[in-house]
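In: Take this sequence and fold it.
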Amino acid sequence: MRNFYSNIQENYSKLNELEKEILEFIKKELSSKDHLSLNEVSKQFFVSPNTVVRLAKKLGYTGFVQLREDIIHSIIPNPNNQSLSIDNQLVQTKKLLKNETIDEIIKLLDSKNEILFYAHGLSKYPCDIAADKFRILGKNATVYNERHLMLHSAIHANNDTLIFLVSMSGQTKNLVECANVASVNGATMVSITGLSQNPIEKIADLSVFVDYQKQVFEGMDISSRFSVSYFFEVLIAKYLDRLNNV
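Out: Numbering: from 1, shown residues only. Sure thing, here's the model as predicted:
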């Protein structure tokens, strides 16, 4: 059996924007039911079945059926709308992380003098810990989660600035606004989002995907950010290892 997350890791960059949107729809639908037909997908997006088959083949499958079955086996269904277990978040996030991307981020950490974190809501907390550790390692690191301060920093960003954009949905308006401003001013950006086609990963120079299952209680987002913490821990460990071997 092929592994969905391994195939995503290797082939996601081959997909165009429509194909990414179709893939997210398939993944979302199969998280709550165990069957989805090729015709249902093609009708949803007003495309031919061959378009969906080509998407599957780009990801390394023989066709839509194999893609569908692999998603079903690789992703634990969530019929009760409860968050995935912490263990599963760890396993799936580990599969999504690309060593090449982490290596590129480490090169950026070496070359940039200012590290900024743009986050919203609970995503701020893993950023706080990561920023503290980077400061211990001698980096100038700051976390922003308030729009006006974030925008002010984006206006003053430059080509010596590295920004981590942390949004589980990838659609946080404040982050999109500030990221666009920082991009115009020459900053380099790394997005950290759930696996989806989203505005923030489009803006970023490098994209990191982590496992994410939305959980809401009384209208408040209480989704786990464990996968974000895991990514930063992996990144810092590898960066520290490089520093110790210089």
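
In: May I have the strands that pair with the worst-scoring helix or strand of the chain on mean pLDDT, each with its orientation?
Out: None of the helices or strands of the chain scores lower by mean pLDDT, DSSP states H and E than strand 216-217, at a mean of 74. Take DSSP bridges as the rule and strand 216-217 pairs in its sheet with strand 220-221 (antiparallel).

In: Could you identify the helix or strand that succeeds the partner strand?
Out: Later in the chain than strand 220-221, the nearest helix or strand by DSSP states H and E is helix 226-244.

In: Please name every helix or strand in contact with that next one.
Out: Contacts defined by 3 or more Cβ pairs under 8 Å, 6 or more residues apart in numbering; DSSP states H and E place helix 226-244 against helix 86-96, helix 99-111, helix 124-136, strand 206-210. Glycine gets a C-beta too; all of them are placed from N, C-alpha and C.

In: give me that answer again for 6 Å
Out: The contact analysis (3 or more Cβ pairs under 6 Å, 6 or more residues apart in numbering; DSSP states H and E) places helix 226-244 against helix 86-96, helix 124-136, strand 206-210.

In: got the buried residues for the second one?
Out: By that I understand helix 124-136. Judged by neighbour count using 16 or more other Cβ atoms under 10 Å, the buried positions of helix 124-136 are 124, 126, 127, 130, 131, 133, 134.

In: What is the nearest of the residues you listed to residue 237?
Out: Proximity of those to residue 237 (Cβ to Cβ) peaks at residue 133, which lies at 9.8 Å.

In: show me the contacts for the closest one.
Out: Neighbour list for residue 133: residue 236 [criterion: Cβ atoms under 6 Å, 6 or more residues apart in numbering].

In: How much space separates it from residue 159?
Out: Distance, residue 133 to residue 159, by Cβ to Cβ, to the nearest Å: 24 Å.

In: Kindly report the same for residue 227.
Out: 30 Å.

In: now residue 194
Out: Going from residue 194 to residue 159 by Cβ to Cβ gives 29 Å.

In: These two: which has the busier surroundings?
Out: residue 194 (21 against 10; other Cβ atoms under 10 Å).

In: how many neighbours does the closest residue to the more buried one other than its chain neighbours have?
Out: In space, not counting the residues next to it along the chain, residue 194 is nearest to residue 212; the distance is 3.3 Å by Cβ to Cβ, 6 or more residues apart in numbering. Residues lying near residue 212 (other Cβ under 10 Å) number 25.

In: give me phi/psi at residue 212?
Out: When read as degrees, to the nearest 10, the backbone of residue 212 gives phi -150, psi 130.

In: hang on, isn't it packed against residue 166?
Out: No: counting by Cβ atoms under 6 Å, residue 212 stays clear of residue 166, with 11.3 Å between them.

In: who's in contact with the residue nearest to residue 101 when sequence neighbours are not counted?
Out: Nearest residue to residue 101, sequence neighbours excluded (Cβ to Cβ, 6+ apart): residue 206, at 5.7 Å. Residues near residue 206 by Cβ under 6 Å, 6+ apart: 101, 104, 190.
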